[in-house]
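Novice: Fold the following for me, if possible:
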Amino acid sequence: MKIAVLGSGIIGTTTAYKLVEAGLEVVLIDKTPEPANGCSFANGGQLSFGYWSPFASWHLFSLLPLALIRKDYPVNLKLFPGKNFFRWGMNYTAACFSGYRQESQQSMLKLGEYARKCMHEMVESNPFQFNYKCPVDKYYLYGNQFELESDFSAASNVVPVEKVSVEGVGKAHSFIDLSRLSGGFIRHEEGIGNCHDFTVGLFEKLKSMKSFSYHSGEKVTGFGVKNNRVNFVKTEAGEIEVDSVVVALGIDSYELMKAIGIRLPIFPLKGYSVTLDVNPDYPEIPVTDSDHKIVFTRLGNQLRIAGFLDFDGWDTKIKEERIKYMIDYARLLMPEAADYDNIKQKWCGLRPASADGLPIVSKAKYDNLYVNTGHGMLGWTYSLATAELARDLVLEKYNPDFDINTLSLSRFRF
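Specialist: Now for the predicted structure:
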């Protein structure tokens, strides 16, 4: 049985690995010359297994007026964000209602725990290095006391969290300017790791397996279909005969699926990161500045600072004013954390976000066509779990760890 997996980011590569591991022949296809060149390249590096807050929230609407007019704001919004935004927005609005949010939250927590289990098993059986550390205490910091109380109350109702005073933050993390804080809380047993290095390490292992092949630099342009089944994948280089297909192209999944009449309810949320030489004494404590939507993660000898939520359409260009805002604020919060004058790497990526924030792992239109996308800001965290779920869909196998129906395309109304 030959399976084509489209996309060699963290989602596609983990999916390919799980399929090969199950004894299937897999061909991995991507337009890029190397794996992990998109959103997997330089993300925030945090593994948020216990993340509890559904992406769809009425709170986002309160941020939009300033998002339209201010460039120095954690959220940016174009006046006309681009294709699929309004349909995506209708699904987003529907997902904000309390009943839907509660269901999404329970699914997030279950998926996160499943992902933790998958990562533990992967690390136990694979020795390659990606600056992985788990468990670690993750600190959520706030300057706004009202937001702190609101978020802590919401979190403590569903997951174990520990409130921490400004003084408590200072004892754990001496690099933070405490004058900017009202306090925070800790989520225990989270993780950190370099997503790019993990993806490349797993890809190298795949290359050593006889039932795996890689078609790099080949853009997928469509499918050959007969009797409601995909018989071959069309690329710019030719046709590849297959028995099943898993689409894991991140935000590029939208255009490919649209061509066959499926409008995936995903939209690109642009995020940024910078990578710097870290102060040797900086601790391996992941930090989220909740007010500014910025995360700080030590990955070996480097500090990764990442964040923002930009509704910038399909624009892949780095906007220097966003990089400047990130660096300027990082200097204020942690002035001695890194060498801010010498940025080693600037990056931006279009994170494929479903309207409710949960991934889409589902059969789509044809009997042997599947999608694995829509992870938003939690692709690194959920990758191994959704890879196993996609594998089980292909094999028509029941998975006792997670109800795959909660990630189906059919959950969306528009």
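Novice: just the strands in the stretch 51-200 of the chain please.
Specialist: Using DSSP state E, counting those that start in this stretch, the strands of the stretch 51-200 of the chain run over 75-77, 133-142, 161-164, 183-192.
Novice: Flag every buried residue along the shortest one.
Specialist: Residues of strand 75-77 classed as buried: 75-77 (neighbour count, 16 or more other CB atoms under 10 Å). C-beta coordinates here come from the backbone N, C-alpha and C atoms, glycine included.
Novice: Which residues does that strand contact?
Specialist: 60, 63-64, 66-68, 270, 293, 308-312, 322 (CB atoms under 8 Å, 6 or more residues apart in numbering).
Novice: elements contacting the biggest helix by length in the chain?
Specialist: Ordering each helix of the chain by length in residues (DSSP state H) puts helix 98-125 first. On a contact count with 3 or more CB pairs under 8 Å, 6 or more residues apart in numbering; DSSP states H and E, helix 98-125 meets helix 85-95, strand 133-142, strand 183-192, helix 379-395.
Novice: average pLDDT for it?
Specialist: On average, the pLDDT along helix 98-125 is 96.
Novice: Which positions in it come out as buried?
Specialist: 100-101, 103-105, 107-109, 111-112, 114-116, 118-119, 122-123.
Novice: so can I have CSV of the buried residues of strand 75-77 showing distance to residue 4 and pLDDT?
Specialist: Converted to CSV, these look like this (distance: CB to CB, whole Å; pLDDT from 0 to 100):
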residue, distance to residue 4, pLDDT
75, 37, 97
76, 36, 96
77, 36, 95
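Novice: need the residues you listed in JSON lines with distance to residue 84, can you?
Specialist: Compiled in JSON lines, the buried residues of strand 75-77 are given as follows (distance: CB to CB, whole Å):
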{"residue": "75", "distance to residue 84": "19"}
{"residue": "76", "distance to residue 84": "18"}
{"residue": "77", "distance to residue 84": "15"}
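Novice: Closest to residue 84 out of the contacts of strand 75-77?
Specialist: residue 311 (11.5 Å; CB to CB).
Novice: now the closest one: how far from residue 251?
Specialist: 13 Å (CB to CB, to the nearest Å).
Novice: do the same with residue 84
Specialist: Separation of residue 84 from residue 251 (CB to CB) stands at 10 Å.
Novice: Contacts only, for residue 160.
Specialist: Taking CB under 8 Å, 6+ apart as the definition, contacts of residue 160 comprise 50, 187-188.
Novice: Same list, those, but as JSON lines with neighbour count and pLDDT please.
Specialist: Listed next are the contacts of residue 160 as JSON lines, based on neighbours: other CB atoms under 10 Å; pLDDT from 0 to 100:
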{"residue": "50", "neighbour count": "22", "pLDDT": "96"}
{"residue": "187", "neighbour count": "22", "pLDDT": "97"}
{"residue": "188", "neighbour count": "13", "pLDDT": "95"}
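Novice: on that earlier part again, quick one: which of the strands of the stretch 51-200 of the chain is nearest residue 364?
Specialist: Comparison of the strands of the stretch 51-200 of the chain against residue 364 by CB to CB identifies strand 75-77 as nearest, at 29.1 Å.
Novice: Sheet partners, orientation included, of the closest one?
Specialist: Strand 75-77 has the following strand partners under DSSP bridges: strand 302-311 (parallel).
Novice: Run the angle between whichever helix or strand comes after the partner strand and strand 133-142 for me.
Specialist: Using DSSP states H and E, the helix or strand that directly follows strand 302-311 along the chain is helix 320-333. Angle, helix 320-333 to strand 133-142, by axes from the mean of the first three to the mean of the last three CA atoms, to 10 degrees: 90 degrees.
Novice: Need the residues that contact helix 320-333.
Specialist: Contacts for helix 320-333 (CB under 8 Å, 6+ apart): 71-72, 76, 176-177, 180, 272, 274, 289, 292, 294, 296, 305, 307-308, 310, 337-338, 340, 343, 346, 348.
Novice: If you count neighbours, what's buried in the helix or strand just after it?
Specialist: Counting by DSSP H and E, the element after helix 320-333 in chain order, helix or strand, is strand 345-354. Neighbour-count burial for strand 345-354 flags 346-354 (criterion: 16+ other CB under 10 Å).
Novice: Strand 345-354: how far from the chain's middle?
Specialist: Its chain's C-alpha centre and that of strand 345-354 lie 9 Å apart, by CA atoms, centre = their mean, to the nearest Å.
Novice: which strands and helices sit next to the lowest-mean-pLDDT helix or strand in the chain?
Specialist: Lowest mean confidence among the helices and strands of the chain (mean pLDDT, DSSP states H and E): helix 59-69, at a mean of 93. Judged by 3+ CB pairs under 8 Å, 6+ apart, helix 59-69 is in contact with strand 75-77.
Novice: ok, back up a step: may I have the least confident helix or strand of the chain exported as PDB, CA atoms only?
Specialist: Taking only C-alpha atoms (Å, rounded to 0.1, in the frame of the first residue of the first chain), the coordinates of helix 59-69 have been written out as PDB:
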ATOM      1  CA  HIS A  59     -12.000  38.500  23.700                       C
ATOM      2  CA  LEU A  60     -10.300  38.700  20.300                       C
ATOM      3  CA  PHE A  61     -13.000  41.000  19.000                       C
ATOM      4  CA  SER A  62     -12.200  43.600  21.600                       C
ATOM      5  CA  LEU A  63      -8.600  43.700  20.300                       C
ATOM      6  CA  LEU A  64      -9.500  44.300  16.600                       C
ATOM      7  CA  PRO A  65      -9.900  48.100  16.700                       C
ATOM      8  CA  LEU A  66      -6.400  48.700  17.900                       C
ATOM      9  CA  ALA A  67      -5.200  45.800  15.700                       C
ATOM     10  CA  LEU A  68      -6.300  47.800  12.700                       C
ATOM     11  CA  ILE A  69      -4.500  51.100  13.600                       C
END
